[in-house]
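Got a predicted structure here, sequence first:
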Amino acid sequence: MSGAFSVANIEFENTTSDIDNVFGPNSPEHSENQANHALAVADFEGIALHCAKGSPLCRGSAHAAPDLLPDEPGGYNGYQALFGNKYLAPALNNSSSIVINDLDGIPISSGANGTGNPGFPGFSPSPSQTLGYLAAMLEAGVPVVYGYIEDAHDNHSLPSDPDGTFGPGEAGYVAQLKIYDTAFGKFFARLAADGFTKDNTLFVITADENDHFAGGAPTPAGCDGINVACTYPNKGEVDTYLNNLFLGESGDSIHFNIDFDDVPGIWIDGNPARSNQAARKLEREAAHLTGFDPITGSTNQIMQALADHAEQALLHMITSDPNRTPNFIPFANPDYRATSPGTMAIFKR
């Protein structure tokens, strides 16, 4: 049994196809989204509990839905899930309440400081929100939980710093990291009081999407962020327009949609089969794309690996909806971020 808060691919990421796939196009959940989209986002997106067979959390809810995994070897029958805060919070609270508080006692909601609709705050939750919800899951008996926290290197709290992002040792970054440290301190203290410690619980903290610093050298030389703050004349990932690169380097004007990322899924118009020659041609071209990095002043190969449907199946990335599975996924140099003006942007967060 596992719970998830703001983690892609194991909870609802939209209130249209995800709701219809699970609850149906004639369901009350579908009708809620039609009548009040903002409420449906708070109620159903971003939060899920995948129950073990016979789990009282799912068994005790009238809203538990079949938890389908069609590509699981040997089948995946008889499992249920609770999708969305509207159905999960009452199970965690053992009451009708749909309110879960963050670590500071503020209701997690779609608005700032507990305002708005109780439930999912969006795909950039604060440390206090994510860790507060995960703590509530653990305290309710969920043994495995996954959570995403807004990336620490983006500027979430200092309007006086216009860059929008931080480099190591910048004064704003150091100040913002203290907010994260405080939240984790409260999280671990709360869990310790519940009996969860490093002696009986495995805590794994990692970077999402291979996040790392991309930029030039800081000034002044020798700055450490503790005694001397750092500044960066050049910082940030390199945006690359994939459709322009394909057209400029290979003359290929085939139309596709992508999710903007350093590992961008590519959906070719018409969703051609893996053996389709145009799809294969685009994959081969992707493998040879080059780009100029203005921070290093060098030209380099952009893509480092590719995954078509065969590789995605090995990685358990094939979904039950064939239109949702990318034709292929290129893995770029992590200093690059792939975008594509003139196509539809599909954001994962």
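Done, it's in. Numbers count the residues shown, from 1 in each chain.

which residues in the chain form helices?
Secondary structure of the chain (DSSP state H): helices at 17-22, 28-35, 37-44, 56-59, 85-93, 127-139, 171-194, 242-250, 277-287, 309-314.

Tell me which residues are up against the last one.
Applying CB atoms under 8 Å, 6 or more residues apart in numbering, the contact partners of helix 309-314 are 71, 274, 318, 325-329. C-beta coordinates here come from the backbone N, C-alpha and C atoms, glycine included.

Same list (these) but as TSV, adding distance to residue 134 and pLDDT.
TSV is the format used below for the contacts of helix 309-314 (distance: CB to CB, whole Å; pLDDT from 0 to 100):
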residue	distance to residue 134	pLDDT
71	27	72
274	38	90
318	28	87
325	29	92
326	29	95
327	35	96
328	33	96
329	28	95
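
so how far is stretch 76-88 off the chain centroid?
Here stretch 76-88 shows a centroid-to-chain-centroid distance of 19 Å under the convention CA atoms, centre = their mean, to the nearest Å.

Kindly export it (C-alpha atoms) in PDB.
What follows is stretch 76-88, C-alpha atoms only, in PDB (Å, rounded to 0.1, in the frame of the first residue of the first chain):
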ATOM      1  CA  TYR A  76      -3.500  -6.800 -11.100                       C
ATOM      2  CA  ASN A  77      -7.100  -7.600 -10.100                       C
ATOM      3  CA  GLY A  78      -8.900  -6.900  -6.900                       C
ATOM      4  CA  TYR A  79      -7.000  -3.800  -5.900                       C
ATOM      5  CA  GLN A  80      -8.500  -0.500  -5.100                       C
ATOM      6  CA  ALA A  81      -7.400   3.100  -4.800                       C
ATOM      7  CA  LEU A  82      -8.700   6.400  -3.400                       C
ATOM      8  CA  PHE A  83      -8.100   9.200  -5.800                       C
ATOM      9  CA  GLY A  84      -8.100  12.800  -4.600                       C
ATOM     10  CA  ASN A  85      -8.200  14.600  -1.300                       C
ATOM     11  CA  LYS A  86     -12.000  14.500  -1.300                       C
ATOM     12  CA  TYR A  87     -12.000  10.800  -0.800                       C
ATOM     13  CA  LEU A  88      -8.600  10.200   0.900                       C
END
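
Can you list the buried residues in that stretch?
Buried residues in stretch 76-88, counted by 16 or more other CB atoms under 10 Å: 79-88.

go on, stretch 235-246?
Going by neighbour count (16+ other CB under 10 Å), the buried part of stretch 235-246 is 235-238, 240-243, 245-246.

pLDDT averaged over that stretch, what's the number?
Averaged across stretch 235-246, pLDDT comes to 88.

And the pLDDT at the nearest residue to residue 86 once chain neighbours are set aside?
Take residue 86 and drop its neighbours on the chain: the residue closest to it by CB to CB, 6 or more residues apart in numbering is residue 43, 3.8 Å away. At residue 43 the predicted local confidence, pLDDT, stands at 98.
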